[in-house]
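*Asks:* Give me coordinates for this.
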Amino acid sequence: MFATLLVLHIFAAIAVIGSAFFMPIIRRSAKTAAQLRFVFDATTTVAWFSKIGAAVLVLTGIWLMVMAEAGFTQMWLNLSILLSLVLAVTIGGLIEPRIKRIAQIASKSQGQELPADIGLAMRKLVPLETTVQLLTLAVTVLMVVKPMF
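*Replies:* Below you'll find the model as predicted:
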């Protein structure tokens, strides 16, 4: 049972980490309004996998902690949980609402050129998305290395 939960946990982590890393890169690659609309449509679909993966990740993580009788005694685990909470707040509270506004502007834009306000709004997202990528990397390192500090 432990091995099955661990495999589910890893697959869920791949879904969450993959989207956290690659959706911003794909979004930034759009050079025209049509490309940006396509990217928003595609990333909206991928976001569902990420959200389901996040729920599975939390549930399997808790279940693994209970089965291993780890509790909250390991610092790397506590730090991973804290960073994951910061990730959830940053993505759900700061990034997603801004992306929705950008998507609304893009859906109304005519022609091929990206409106200046979209370019500015997307540039303002870069520091937040970079923070998410770095936090995701930190959680991944903590989960793989499991340092004893």
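*Asks:* what about the most centrally placed residue in the chain, distance to Ile81?
*Replies:* By C-alpha atoms, centre = their mean, the chain has its centre lying nearest to Ala20, at 3.1 Å. Distance, Ala20 to Ile81, using C-beta to C-beta, to the nearest Å: 16 Å. Quick note: C-beta positions are derived from backbone N, CA and C, even for glycine.
*Asks:* One more: Leu8?
*Replies:* Distance, Leu8 to Ile81, using C-beta to C-beta: 18 Å.
*Asks:* now swap in Ile105 and tell me
*Replies:* 36 Å.
*Asks:* Quick one: list the elements packing against the one helix or strand Lys100 maps to.
*Replies:* Taking DSSP states H and E as the definition, Lys100 sits inside helix 96-108. Using 3 or more C-beta pairs under 8 Å, 6 or more residues apart in numbering; DSSP states H and E as the contact test, the elements touching helix 96-108 are helix 33-67, helix 116-145.
*Asks:* rerun that using 10 Å as the cut-off
*Replies:* helix 2-28, helix 33-67, helix 116-145 (3 or more C-beta pairs under 10 Å, 6 or more residues apart in numbering; DSSP states H and E).
*Asks:* Make a markdown table out of the ones you listed and add distance to Ile91 and mean pLDDT.
*Replies:* A markdown table is the format used below for these (distance: least, C-beta to C-beta, whole Å; pLDDT from 0 to 100):
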| stretch | distance to Ile91 | mean pLDDT |
| --- | --- | --- |
| helix 2-28 | 7 | 89 |
| helix 33-67 | 9 | 87 |
| helix 116-145 | 6 | 91 |
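*Asks:* residues contacting Gly119?
*Replies:* Applying C-beta atoms under 10 Å, 6 or more residues apart in numbering to Gly119 gives the contacts Ile102, Glu113.
*Asks:* From Met67, how far out is it?
*Replies:* Taken as C-beta to C-beta, the span from Gly119 to Met67 is 49 Å.
*Asks:* And for Pro115?
*Replies:* 52 Å.
*Asks:* Equivalent analysis for Ala30, please.
*Replies:* Plainly put, Ala30 is 44 Å away from Met67 if you go by C-beta to C-beta.
*Asks:* For those two, indicate the residue with more neighbours.
*Replies:* Just comparing Ala30 and Met67: by other C-beta atoms under 10 Å the higher neighbour count belongs to Ala30, 18 against 12.
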